[in-house]
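Undergrad: Sequence first, then the predicted structure:
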Amino acid sequence: MVKAVVLVMLEPKTYVDAYKITKIAGVKSGYPVFGHYDYVAFLDVPGLEKVGQIADKIQKLGFVRYVETLIER
């Protein structure tokens with residue numbers, strides 16, 4: 001299993017939509033945060049390829065401005 005964190009920057013005034021990120025298969029949990037990023041999603045998936053697929057799905061949501069993915073070593 002691969003554990004990863006996706007840091008998400010949202011479009012302005014779209015916090016109410018952020019809960020949709022946790023509906024994506026492979027996203028175990030997610031939380032709104034303060035700072036450079038607005039939301040943190042935690043992934044637990046079978047392989048690296050799946051991490052990329054989920055990060056792409058998150059990026060393609062209309063209220064997401066930017067994502068950065070961190071993978072556990």
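TA: Cool, got the structure.
Undergrad: The spatially closest residue to residue 22 that is not a sequence neighbour: which element?
TA: Leaving aside its chain neighbours, residue 22 sits nearest to residue 30 (4.5 Å; criterion: C-beta to C-beta, 6 or more residues apart in numbering). Any C-beta I mention is one placed from the backbone N, CA and C, and that applies to glycine too. Per DSSP states H and E, residue 30 falls inside strand 27-32.
Undergrad: what's in contact with that strand?
TA: Around strand 27-32, the neighbours that count as contacts under C-beta atoms under 8 Å, 6 or more residues apart in numbering are 6, 15, 18-19, 21-22, 38-44, 54.
Undergrad: mind checking how far it is from the chain centre?
TA: Taking C-alpha atoms, centre = their mean, to the nearest Å, the mean C-alpha location of strand 27-32 is offset from the chain mean by 7 Å.
Undergrad: what pairs with it, and is each one parallel or antiparallel?
TA: Strand pairing for strand 27-32, determined by DSSP bridges: strand 39-45 (antiparallel).
Undergrad: Tell me which residues of the strand it pairs with come out buried.
TA: 39, 40, 41, 43, 45 (16 or more other C-beta atoms under 10 Å).
Undergrad: pLDDT on that strand, on average?
TA: For strand 39-45, mean pLDDT is 97.
Undergrad: Need the residues that contact that strand.
TA: Counting by C-beta under 8 Å, 6+ apart, 1-8, 10, 18, 21-22, 26-33, 51, 54, 58 sit against strand 39-45.
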